[in-house]
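In: Sequence plus predicted model, see below.
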Amino acid sequence: MQTVNELMTCYPMTVAPDTPLEVVWTMMEGEDVRQLPVVEERKLMGIITERDVRPVLRSELFEIGSAEMVMTEYPITVTPNLPLYRAAEMLRAYKFGALPVVDDGALVGIITVSDFFDHAMEENTNDETTGL
């Protein structure tokens, strides 16, 4: 059975709680990511998404705010050994774009809807190549 560990992005890009929103937005745009875990000393503090930042882009908060001001605290997480189908069920049920992966209290990765799409495309390509 495949697990989250096989598809997740290990040690993803993160931000600290006090990272200015302007920096968060620049990172999201520059790296083409829609969510960033908010971490302090490897401990997951929250997650900040495009949906969190976009509403304040043209406000004073964007210029003076930090990640912790708009992040989702205590996000739902998964472990590396969770079966992939369970993570997919969670992403669909909660309508999330990503789930942080935590092991022993520390952030070790992130699994995204895009990871599942990439995996499906790769599997399909492999099936076509091998004639299955």
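Out: Sure, I can see it.
In: okay, CA-based contacts and neighbour counts for the rest of this
Out: Will do.
In: hmm, which helix or strand of this protein has the shakiest average pLDDT?
Out: The weakest-scoring helix or strand in the chain, judged by mean pLDDT, DSSP states H and E, is helix 113-130 (a mean of 75).
In: which SS class is residue 111?
Out: Under the three-state scheme (DSSP: H, G, I helix; E, B strand; the rest coil), residue 111 adopts strand.
In: Spit out the contact partners of it.
Out: 4, 7, 8, 9, 98, 99, 100, 101 (C-alpha atoms under 8 Å, 6 or more residues apart in numbering).
In: Please report how far the most centrally placed residue in the chain lies from residue 59.
Out: What sits nearest the mean C-alpha location of the chain, by C-alpha atoms, centre = their mean, is residue 98, with 4.2 Å. From residue 98 across to residue 59, the span is 26 Å (C-alpha to C-alpha, to the nearest Å).
In: Tell me if I'm right that the residue nearest to the centre of the chain and residue 112 touch.
Out: Yes - using C-alpha atoms under 8 Å, residue 98 is in contact with residue 112, at 4.1 Å.
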